[in-house]
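Chemist: just the structure for this:
(one chain, ligands or ions: 2)
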Amino acid sequence: MEKYLVAKASFLKRIDQEISEGKEVIAPVKQENQANFHRLRSTKEVLWGGPQTVLSAKAIVFPPKEELLRYEVNDEIRVQPSVETKPLILLGVHPCDINGISLLDKVFTEKNVDEHYVKKRENLTIIGVECLEPCSQESFCYRKDSVFPWDGFDLFLTDMGRNFFVEVGSAKGEALISELGSKATQADLEKVKKIRKERDALFDQEQRKLKPKLSDLPRLLRENYDSPVWTERGAKCFGCGSCNMVCPTCYCFDVRDCVELDLKHGSRSRWWDGCMLTDFTRVATGEIFREDRGARLRHRTYRKDCYLFEKWGRSFCTGCGRCGKACLTKIVDPLDIANEIYGRSRSR
Ligand code: SF4
Ligand code: SF4
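Modeler: Numbers count the residues shown, from 1 in each chain. Ligands and ions are numbered 1, 2, ... in the order given. Predicted coordinates for the structure are as follows:
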């Protein structure tokens with residue numbers, strides 16, 4: 001992996017040049033009192049190191065609503081896939097969101113390769129930025145081994161004052177950066193090592209502790225399937241699904257058909273769905289097989305820190321803290337749940 005040192009001014013000028021040539025560049029910007037991903041008119045708008053965006057970067061490659069195909073019924077039936085995608089730069093992405101996309105890359109290309117996701121992903125250039133301070137009170141990325149991106153980025157920037165230390169993750173990234181700066185020297189590498197050591201110490205001190213070992217979470221959950229924690233927390237759940245919607249790794253969707261009034265044309269779309277919503281488990285007969293909200297909370301937690309963790313070797317919670325922030329009754333935070341279960345199982 002090549003590493004460069006690039007003057008911030010040169011780097012931002014390069015991105016501004018992409019914008020002026022019509023390339024879509026999306027980055028976190030301040031909107032009211034929140035941060036959101038938005039198309040840039042200039043890199044001056046970027047909110048560097050701000051709080052996490054309300055929705056994660058997932059929404060760029062896996063939008064909340066996405067048309068999959070259009071059809072026409074006349075003498076014959078014609079079906080046309082709808083794959084809307086164009087080259088896009090996603091700038092200023094935090095490691096927890098890069099890792100979220102990295103996990104989705106596995107899921108959407110596993111067996112039935114998802115053409116819609118893959119085409120968007122191929123057109124995407126991800127430029128991440130290192131978090132040198134925790135971005136919110138709720139985040140716990142350090143506890144989830146997610147304070148640094150595992151893979152999935154094209155370029156990754158570390159703030160070094162007047163310069164960015166830039167790590168290249170792909171040929172696309174290399175093409176964007178190689179003429180801008182110089183190869184990092186041993187002294188630059190030592191400086192970055194020091195910055196990261198200090199960052200780790202700060203995150204370790206500031207972020208809430210995960211009491212069980214990260215690698216023990218699947219076993220801990222399997223041993224506590226009948227814990228009263230699920231019923232107690234579930235009793236306070238509104239079933240609003242906000243925790244699903246904001247999560248960078250939730251990937252469930254519903255498929256809906258829309259028939260036009262002439263009954264000859266129509267479209268099929270997918271919409272984000274979530275396991276905390278009542279209709280998620282409503283089946284054709286009208287029954288709902290996971291009606292109890294505690295059981296839904298357990299299922300959500302098991303998906304993150306047990307089933308998918310065991311399957312892919314990584315927790316499907318990157319510790320971004322969005323669900324804990326979004327939940328009005330403060331029952332869903334995976335770190336709080338793990339700590340409570342750990343504490344209660346030890347005192348038995
Ligand atoms: S489960 Fe919550 S903290 Fe973990 S990645 Fe999803 S939204 Fe972020
Ligand atoms: S856990 Fe919280 S955010 Fe999730 S559905 Fe229940 S009330 Fe809504």
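Chemist: find the nearest non-adjacent residue to Ser139, please.
Modeler: Ranked by C-beta to C-beta, 6 or more residues apart in numbering and with sequence neighbours excluded, the top spatial neighbour of Ser139 is Gly321, at 3.6 Å. Quick note: C-beta positions are derived from backbone N, CA and C, even for glycine.
Chemist: residues contacting that neighbour?
Modeler: By C-beta atoms under 8 Å, 6 or more residues apart in numbering, the contact set of Gly321 is Gln52, Ser136, Gln137, Glu138, Ser139, Phe140, Cys141, Asp333.
Chemist: can you lay out those as JSON lines showing distance to Gly266 and neighbour count?
Modeler: Converted to JSON lines, the contacts of Gly321 look like this (distance: C-beta to C-beta, whole Å; neighbours: other C-beta atoms under 10 Å):
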{"residue": "Gln52", "distance to Gly266": "38", "neighbour count": "25"}
{"residue": "Ser136", "distance to Gly266": "42", "neighbour count": "15"}
{"residue": "Gln137", "distance to Gly266": "46", "neighbour count": "13"}
{"residue": "Glu138", "distance to Gly266": "42", "neighbour count": "23"}
{"residue": "Ser139", "distance to Gly266": "43", "neighbour count": "29"}
{"residue": "Phe140", "distance to Gly266": "44", "neighbour count": "29"}
{"residue": "Cys141", "distance to Gly266": "43", "neighbour count": "24"}
{"residue": "Asp333", "distance to Gly266": "41", "neighbour count": "22"}
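Chemist: any idea how far the residue nearest to Ser139 is from Arg300?
Modeler: When C-beta to C-beta, to the nearest Å is applied, the distance between Gly321 and Arg300 equals 16 Å.
Chemist: please apply the same query to Glu133.
Modeler: Between Glu133 and Arg300 the distance is 29 Å, computed by C-beta to C-beta.
Chemist: tell me the pLDDT at the residue most central in space within the chain?
Modeler: The centre of the chain sits closest to Pro248, judged by C-alpha atoms, centre = their mean, with a distance of 2.6 Å. In this model, Pro248 is scored at 98, pLDDT.
Chemist: what ranges do the helices span in this structure?
Modeler: Counting by DSSP state H, the chain has these helices, from start to end: 8-20, 58-61, 95-108, 115-122, 171-177, 186-206, 217-223, 228-234, 242-246, 293-302, 308-312, 322-326, 334-346.
Chemist: which one of these lies nearest to ligand 2?
Modeler: Checking those against ligand 2 by C-beta to the nearest ligand atom gives helix 242-246 as the closest, at 3.4 Å.
Chemist: residues in contact with the closest one?
Modeler: 54-56, 64, 250, 252, 272-277, 300, 322-323, 325-328, 332.
Chemist: and what of stretch 14-27?
Modeler: The contact list for stretch 14-27, computed with C-beta under 8 Å, 6+ apart, reads 37-43, 45-47, 60, 86-92, 176, 180.
Chemist: try stretch 286-305
Modeler: Applying C-beta under 8 Å, 6+ apart, the set of residues contacting stretch 286-305 is 217-218, 221, 225, 230-235, 237, 239, 243-244, 249, 275-276, 278-283, 315-317, 331-332, 334, 337-338.
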